[in-house]
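Colleague: fold the stuff below for me.
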Amino acid sequence: MENFGFWSILPPLVAIILAIMTRQVFISLLFGIWMGWVILSNFNFLNGTINTIEAMVDVFKEPGNTRTIMFSSLVGALIAFVQRSGGVEGFIQYINKFLEKVEKKRKTSPRKTVQIMAWLTGVAIFVESSINVLTVGSIYRPIFDRLKIPREKLAYIADSISAPTCILIPLNAWGAYIMGLLLAQGISNPLGTMVKAYPLNFYPIFAMIIVVIVIFTQKDIGPMKKAEKRAIEEGKVIRDGATPMISTDVISMEKAAGTVARARNMIIPIATMVGMMPVGLIYTGWSQVENIQTYPFWQQIFLALGKGSGSTAVLWAVLMSIFVGAILYRFQKIFKLPEIISLIFKGVGGLIPLALLMMLAFAIGKVCRDLGTGVYIAEVSKAWLSPKLVPVIVFLVASFIAFSTGTSWGTFAIMIPIGLQMAQIMDANIYLTIAAALGGGVFGDHSSPISDTTIISSMASASDHIDHVKTQLPYALFAGLAAAIVYLVVGMVG
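Modeller: Numbering: from 1, shown residues only. Below you'll find the predicted structure:
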C-alpha cells in the first residue's frame, strides 16, 4: 500500500502534541487534519484547505461514523431524562443507604466501594465498549460527585475497563472481528488460536488489575494525584477553567417540581440501553452469517453477535432507552409531551461539542489511512527485527499505530497480518505475536486523545477531555511498559 513516508506520521503526532500542550483539542485536531490534506495535495495549501473542508463533510458519508455521532449526541437526551425525572436523585438516595451500611460495618470506605462497583459494572458489560463506558459514566458520575471523587478518576476507571473487558471476554463483535482477521490469514482454527493467544494478552490484563490496585490502595500518581487532592481538599470534582465534554446545564439539571425521586426512573432506561445492545447485534448480524440454520442454536447466537453492526446496535439501544424513558415518565405524569421533546433537544444540544470532536476524530483517522500512517510505521519496523524480538516489537509498533490513528480495530487489521507473517517466517511464537498485536492496539487506543473510546469516556464522565488524557496516561504507560517487558522476556526465553 502507498504511503507518504515520514510525512505520514506528522499530522496525527502534531495534533496530539498540540492538544496536550495547549488543551485546545478542537483546534489541534483541525490543524492536524489540515496538515494531512496539505501533504496529500502535494503541499498545495489552497487545495489542502479545500480538501480539509470536504473531508469533514465526507465523515458523514460513512454510515458507521454518522451512527456513532448520533448515538453520542442522543446520550445527552437520556442524561437529561434521568436527571429531570428524579431518577438520578433516587439512585443516589439508594446508594447512600447502601454506603451507610458499609460505613457502619467499617469493612471499607464508601469511596473504595463505589469505585469497585463502577469497575464491576464495566466488567459485566462486555458486549460493546461504547455501551460499557456510557453506562459506567452515566450511573456513577452523580455518586462520584457526591463523594468528591474527581471526574478524571471516573473517566479513567470507565476507559480502562471498556476495551480491555471487551477483548478479554470475546463473546461480542470484538471476538468475531479478530477471528475474521485470523481466518483471512489462513488460520484454520481461528477460535482455538484466539483462545490460546488471549492469556498472553498482557496489556488489558495489567490495565484492569492496576485500576483495582489504585482503588484499594488509594495511591495515585502524577496529575491524578493532584486531581484527588483538589477534590478532597477543595471539594472540586473538576478543576477551575476545565471544559467538561457535556454542558453543565444538562448534568446539573434539577428534578421536576413535585416529582418523587425514584431510582427506577434511572435504572429502567439504562437497563433498556444495555439489554438492547445484544438484541441489536443479533438482529443486524443474523442475516450476515451464511447458512446460519445449519449451526446449533447457541452457536447461531454467537455468530450473529459477532457479525452484528456495533454502531447500529448502540444507536438502536440509545433510541429505545429514550423511548422507554419517555413512556415511563409520561405514565407517571412527570412530563407532558412538549417537555419530553424539549428535554430531548436540550440534552442533544448539550453534547454538540462532543459531536464536533467525534467528527474531527473520524476526519483525522481518514487522513491517516490515506497517508498510509500505519503501513509506514509497520514497514519501518521490519528492518530491525529478530525472531526473539518479534513479540515486543509488534506490541510497540501496534501501540504507536493505535496512538497515532486513534483506532484499535484499524491497528488489528494492519498488525495481525504483518505480525503473523513475521512470526511464521522468523519462527517466532505465533500466539504471543497475535496477543502482542492485540494488546498493543488496545494500549495505543487507550492512551490516544483522538480515540473515540477516550472521547466518549470524557463525555460520559463529564470530564475535561485533555485532563482525562493526562491523568490516565501515567497508568496506561505503566501497564504498557510492564507488558512490553514481559513480551521481551518471554520472547527471549521462548
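Colleague: show me where the stretch 201-350 of the chain has its helices.
Modeller: For the stretch 201-350 of the chain, helices defined by DSSP state H, counting those that start in this stretch occupy the ranges 202-217, 222-234, 248-251, 264-286, 297-307, 310-331, 337-349.
Colleague: can you lay out the ones you listed as TSV showing mean neighbour count?
Modeller: C-beta here means a position set from N, CA and C on the backbone, and glycine is covered the same way. Output for the helices of the stretch 201-350 of the chain, formatted as TSV (neighbours: other Cβ atoms under 10 Å):
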stretch	mean neighbour count
helix 202-217	19
helix 222-234	16
helix 248-251	17
helix 264-286	21
helix 297-307	18
helix 310-331	21
helix 337-349	17
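Colleague: hey, least reliable of the ones you listed by pLDDT?
Modeller: Mean pLDDT is lowest for helix 248-251 among these, at a mean of 62.
Colleague: re the thing from before, possible to save the helices of the stretch 201-350 of the chain as JSON lines with distance to Ile125?
Modeller: Shown next, in JSON lines, are the helices of the stretch 201-350 of the chain (distance: least, Cβ to Cβ, whole Å):
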{"stretch": "helix 202-217", "distance to Ile125": "14"}
{"stretch": "helix 222-234", "distance to Ile125": "24"}
{"stretch": "helix 248-251", "distance to Ile125": "21"}
{"stretch": "helix 264-286", "distance to Ile125": "6"}
{"stretch": "helix 297-307", "distance to Ile125": "14"}
{"stretch": "helix 310-331", "distance to Ile125": "11"}
{"stretch": "helix 337-349", "distance to Ile125": "22"}
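Colleague: what about those, which gets the closest to His468?
Modeller: Judged by Cβ to Cβ, the one of those that comes nearest to His468 is helix 222-234, at 9.9 Å.
Colleague: how far off centre is the closest one?
Modeller: Centroid displacement of helix 222-234 relative to its chain, using Cα atoms, centre = their mean, to the nearest Å, is 24 Å.
Colleague: restricting to C-alpha, output that helix in CSV.
Modeller: This file holds the C-alpha atoms of helix 222-234, laid out as CSV (Å, rounded to 0.1, in the frame of the first residue of the first chain):
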residue,chain,number,x,y,z
GLY,A,222,1.1,12.2,38.5
PRO,A,223,-1.8,14.5,37.5
MET,A,224,-4.4,12.1,39.1
LYS,A,225,-2.8,12.6,42.5
LYS,A,226,-3.3,16.4,42.1
ALA,A,227,-6.9,15.8,41.0
GLU,A,228,-7.6,13.7,44.0
LYS,A,229,-6.0,16.3,46.3
ARG,A,230,-8.1,19.0,44.7
ALA,A,231,-11.3,17.0,45.1
ILE,A,232,-10.7,16.1,48.7
GLU,A,233,-9.3,19.4,50.0
GLU,A,234,-11.3,21.9,47.8
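Colleague: same for that helix, what does it pack against?
Modeller: Here helix 222-234 touches helix 151-168, helix 465-493, going by 3 or more Cβ pairs under 8 Å, 6 or more residues apart in numbering; DSSP states H and E.
Colleague: pipe the ones you listed into CSV and attach mean pLDDT per row.
Modeller: CSV is the format used below for the helices and strands packed on helix 222-234 (pLDDT from 0 to 100):
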stretch, mean pLDDT
helix 151-168, 92
helix 465-493, 93
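Colleague: any idea which of those is most buried?
Modeller: Comparing those by mean neighbour count (mean count of other Cβ atoms under 10 Å), helix 151-168 ranks first with a mean of 28.
Colleague: what's the spacing between that one and its chain's center?
Modeller: Computed by Cα atoms, centre = their mean, the separation of helix 151-168 from the middle of its chain amounts to 7 Å.
Colleague: got the angle between that helix and helix 310-331?
Modeller: Here helix 151-168 points in a direction 120 degrees away from that of helix 310-331 (axes from the mean of the first three to the mean of the last three Cα atoms, to 10 degrees).
Colleague: Phe362 and Gln293, how far apart?
Modeller: Separation of Phe362 from Gln293 (Cβ to Cβ, to the nearest Å) stands at 37 Å.
Colleague: what about the stretch 1-150 of the chain, any weak spots by pLDDT?
Modeller: Along the stretch 1-150 of the chain, the parts satisfying pLDDT under 70 run over 1-3, 23, 103, 105-108, 127-128.
Colleague: what about 50?
Modeller: Applying pLDDT under 50 to the stretch 1-150 of the chain flags no residue at all.
Colleague: tell me where it has helices.
Modeller: So, for the stretch 1-150 of the chain - with DSSP H, counting those that start in this stretch - the helices run 10-22, 25-40, 45-58, 63-84, 87-105, 110-124, 129-146.
Colleague: save these as TSV, and put in distance to Leu473 and mean neighbour count too.
Modeller: Formatted as TSV, the helices of the stretch 1-150 of the chain follow (distance: least, Cβ to Cβ, whole Å; neighbours: other Cβ atoms under 10 Å):
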stretch	distance to Leu473	mean neighbour count
helix 10-22	9	19
helix 25-40	15	22
helix 45-58	27	15
helix 63-84	23	23
helix 87-105	30	16
helix 110-124	19	19
helix 129-146	17	25
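Colleague: nearest to Ile69, out of the helices of the stretch 201-350 of the chain?
Modeller: Nearest of those to Ile69, taken as Cβ to Cβ: helix 310-331 at 9.6 Å.
Colleague: what's Ile178 in contact with, if anything?
Modeller: For Ile178, the contact set (Cβ atoms under 8 Å, 6 or more residues apart in numbering) comprises Ile167, Pro170, Pro190, Met194, Phe412, Ile416, Leu438.
Colleague: still on that earlier bit, now the helices of the stretch 1-150 of the chain in JSON lines, with distance to Ser287?
Modeller: Formatted as JSON lines, these follow (distance: least, Cβ to Cβ, whole Å):
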{"stretch": "helix 10-22", "distance to Ser287": "36"}
{"stretch": "helix 25-40", "distance to Ser287": "36"}
{"stretch": "helix 45-58", "distance to Ser287": "28"}
{"stretch": "helix 63-84", "distance to Ser287": "16"}
{"stretch": "helix 87-105", "distance to Ser287": "36"}
{"stretch": "helix 110-124", "distance to Ser287": "29"}
{"stretch": "helix 129-146", "distance to Ser287": "22"}
